[in-house]
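>>> need a structure here:
(one chain, ligands or ions: 1)
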Amino acid sequence: MRKAERAKEQLKKYSHLFSCPVCGSDMTMVEGKSLVCGNRHNFDLAKSGYINLLQRPVKTQYDRELLAARKLVANSGFFTPLLSVVSALLRERIGQITQSPMAILDAGCGEGSHLSVLITRLRREMEISPIGVGVDLAREGIQMAVKNDPDLIWCVADLAKLPLKNGRFGVVLNILSPANYGEFSRVLNAEGVLLKVVPGKKYLTELRTVFFADNDQKTYSNERVIRHFAKHFQLVAQQKVFSRFSVEEEMLRPLLKMTPLSWHVPKEKMEQVFRKGLKEVTVEFEVLVGQKT
Ligand SMILES: C[S@@+](CC[C@H](N)C(=O)[O-])C[C@H]1O[C@@H](n2cnc3c(N)ncnc32)[C@H](O)[C@@H]1O
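Below is the predicted model:
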């Protein structure tokens, strides 16, 4: 079966997970090409097999170039230590979830490779076949995701107003993306877990040192984000992930491009990094595991 057909089949099979982004009612797949609700709000599937459930397009700074750079960096192993920890935490928690098949949502999935890697690992290591749903505002990211892995469900949507039904997900992943704890809690079932990844204190500190030598962005603390998480979810586990990433010459440009840290950095400072080169960067994350209170 062609990739696009496979992606459409997945959406059709699991259309019961969706609710209308306009009125909240149930959605059904009509003629294999649109999701339609009882009030006739209609959303067409793209030819490549994803669905756009935004009411109007949203302009985001996460453009094709940034997301392609992120994918290159991901493919070169930058996130591998993180994904090993996330998948071990998932294996531990999933044993306690009885939903079958379990649905996993990645809220703010970007170009989709994390969800793809994690589900592949779960299939291999636990012999389970969860349903994977990736949601992002950036259409370019979702287009890359569906091309790469048409066995999962990919949609352009706002994580602050998820077009998904209450209590249908066993896991919500939220990796280096903004959170909406009200929405995450709503779509999780009673035993469901939220895994959020935030940057650690030293994440890309080498870039911060050059970019922000003369302002307080030079240092970073995730304490406020963690406190906010713990106000909305019961923090049941917390794990730091620390590694060093060797920056091959051809990976420097994608590395600088993929991080929002470089968004407002003057050209001269970027040039400075290219001139001097960068041998290694620190990759520190913190994984937070939460349950509904
Ligand atoms: C730093 S990227 C992380 C992407 C991916 N999780 C990763 O680790 O590579 C942040 C992502 O959050 C997405 N995003 C930001 N606000 C969003 C919203 N309200 N709804 C859905 N996605 C959002 C952006 O489009 C972007 O893809």
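>>> ok, the residue in the stretch 1-150 of the chain positioned nearest to the ligand - how many residues close by?
With Cβ to the nearest ligand atom, the shortest gap between the stretch 1-150 of the chain and the ligand falls at G110, namely 2.8 Å. Heads up, the C-betas are built off the backbone N, CA and C, glycines and all. G110 is flanked by 27 other residues according to other Cβ atoms under 10 Å.
>>> mind listing what the closest residue to it other than its chain neighbours touches?
Spatially, and ignoring its direct neighbours in sequence, G110 is nearest to G141 (4.8 Å; Cβ to Cβ, 6 or more residues apart in numbering). G141 sits next to Y62, L67, C109, G110, E111, G112 when contact means Cβ atoms under 8 Å, 6 or more residues apart in numbering.
>>> and the closest residue to N180 other than its chain neighbours, what pLDDT?
Spatial nearest neighbour of N180, chain neighbours left out: A160 (4.4 Å); criterion: Cβ to Cβ, 6+ apart. In this model, A160 is scored at 97, pLDDT.
>>> pretty sure A160 is in a helix, no?
No - membership of A160 in a helix is not supported by DSSP: H, G, I helix; E, B strand; the rest coil, which gives coil.
>>> so who does it touch?
Residues in contact with A160 (Cβ under 8 Å, 6+ apart) are P178, N180, E183.
>>> Save the contacts of G141 as a markdown table, and put in secondary structure, distance to L278 and pLDDT too.
Putting the contacts of G141 into a markdown table (DSSP: H, G, I helix; E, B strand; the rest coil; distance: Cβ to Cβ, whole Å; pLDDT from 0 to 100) gives the following:
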| residue | secondary structure | distance to L278 | pLDDT |
| --- | --- | --- | --- |
| Y62 | coil | 23 | 96 |
| L67 | helix | 22 | 97 |
| C109 | coil | 28 | 98 |
| G110 | coil | 23 | 98 |
| E111 | coil | 23 | 98 |
| G112 | coil | 27 | 98 |
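>>> measure D106 to G32 for me?
25 Å (Cβ to Cβ, to the nearest Å).
>>> Same check on S129?
In this view, S129 and G32 are 22 Å apart by Cβ to Cβ.
>>> ok, now V265?
As it turns out, when the distance is counted by Cβ to Cβ, V265 lies 46 Å from G32.
>>> Between those two, which is the more surrounded one?
For the pair V265 and G32, the greater number of neighbours falls to V265 (17 against 11), based on other Cβ under 10 Å.
>>> helix/strand/coil for that one?
If you use three-state DSSP, then V265 falls in the coil class.
>>> Backbone dihedrals for it, both of them.
Listed backbone geometry of V265 is phi -80, psi 130, with angles given as degrees, to the nearest 10.
>>> Could you do F229 as well?
Given degrees, to the nearest 10, the pair of backbone angles that F229 has is phi -60, psi -50.
>>> before we move on, back to that, mind checking which of the contacts of A160 are in helices?
Secondary structure of these is defined by DSSP state H; positions in helices are E183.
>>> contacting residues around the most centrally placed residue in the chain?
Using Cα atoms, centre = their mean, the residue of the chain that lies closest to the mean C-alpha position is C109, 2.4 Å off. C109 makes contact with L115, G134, V135, D136, G141, I142, A145, W154, L173, I175, S177, according to Cβ under 8 Å, 6+ apart.
>>> Would you mind naming what in this structure lies close to the ligand?
By Cβ under 6 Å from any ligand atom, the part of the chain that sits against the ligand consists of 60, 62, 70, 108-110, 114, 135-138, 141, 158-160, 175-178.
>>> hmm, 5 Å instead?
60, 62, 108, 110, 136-138, 158-160, 175-178 (Cβ under 5 Å from any ligand atom).
>>> Could you identify the buried members of those?
Neighbour counting by 16 or more other Cβ atoms under 10 Å classes Y62, G108, G110, D136, L137, A138, D158, L159, I175, L176, S177 among the residues of the chain next to the ligand as buried.
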